[in-house]
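Novice: got a structure for you, letters missing:
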């Protein structure tokens, strides 16, 4: 009696497999010139590195990178809620200032009586108080001795 032959029928493809997707990606990269660009970048590796290093080695670039890192360190200290409040307050102030149109009788200087009325205006003093406090803090910080930026941020003394 004859033995049975074991034959498994492979199922037909219903969707592309990983190999098909990889081939499609490779074809798309080739068609759009990305493979040539990647190949050129790999071949020009040392020349590109030289241009990048030369660009990064300039004093202006180093200053820009340090200033950007200082800005990011300063922003990291501000809680998002406070930053949002400050940014939208600035936006509202700029909108208000751009819409301001003096009334016809505002063209003249207020004189002594007008200045006296301004000194007694409680709303004006309430509005000026945060600005004055901010200017005091700004002035106090400017009076400090200059130190390395990372030392000022971390509180660790610099090894100079």
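Specialist: Perfect, I can see it now. All values reported here derive from a predicted model rather than from experimental measurement.

Novice: alpha carbons only for contacts and neighbour counts from here, please
Specialist: Noted.

Novice: any weak-confidence spans in this structure?
Specialist: Low-confidence segments of the chain, defined by pLDDT under 70: 1, 105-108, 147-160.

Novice: what's the single longest helix in it?
Specialist: When the chain is scanned for its longest helix (criterion: DSSP state H), the result is helix 122-143.

Novice: show me where this protein has helices.
Specialist: In chain order, the chain shows helices spanning 18-31, 34-43, 45-56, 59-76, 80-99, 111-119, 122-143, 149-154, with DSSP H as the criterion.

Novice: the ones you listed: which one's closest to residue 3?
Specialist: Comparison of the helices of the chain against residue 3 by C-alpha to C-alpha identifies helix 18-31 as nearest, at 36.6 Å.

Novice: that older thread, could you dump the helices of the chain into TSV and include distance to residue 4 and mean neighbour count?
Specialist: Supplementary listing: those in TSV, determined by distance: least, C-alpha to C-alpha, whole Å; neighbours: other C-alpha atoms under 10 Å:
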stretch	distance to residue 4	mean neighbour count
helix 18-31	34	12
helix 34-43	51	12
helix 45-56	61	12
helix 59-76	74	12
helix 80-99	74	11
helix 111-119	108	11
helix 122-143	92	11
helix 149-154	79	13
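
Novice: distance to residue 8 added to those, as CSV?
Specialist: Formatted as CSV, the entries for these read as follows, by distance: least, C-alpha to C-alpha, whole Å:
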stretch, distance to residue 8
helix 18-31, 22
helix 34-43, 40
helix 45-56, 51
helix 59-76, 63
helix 80-99, 63
helix 111-119, 96
helix 122-143, 81
helix 149-154, 69
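
Novice: residue 9 is nearest to which of these?
Specialist: The minimum distance between residue 9 and the helices of the chain falls on helix 18-31, with 20.5 Å, by C-alpha to C-alpha.

Novice: tell me the angle that closest one makes with helix 34-43.
Specialist: 80 degrees (axes from the mean of the first three to the mean of the last three C-alpha atoms, to 10 degrees).

Novice: got the contact list for helix 18-31?
Specialist: Residues external to helix 18-31 that are found in contact with it (C-alpha atoms under 8 Å, 6 or more residues apart in numbering): 35, 36.

Novice: 6 Å instead?
Specialist: Helix 18-31 is touched from outside by residue 35, with contacts defined as C-alpha atoms under 6 Å, 6 or more residues apart in numbering.

Novice: pull the distance from it to the chain's centre.
Specialist: The offset between the C-alpha centroid of helix 18-31 and the centroid of the whole chain comes to 35 Å, using C-alpha atoms, centre = their mean, to the nearest Å.
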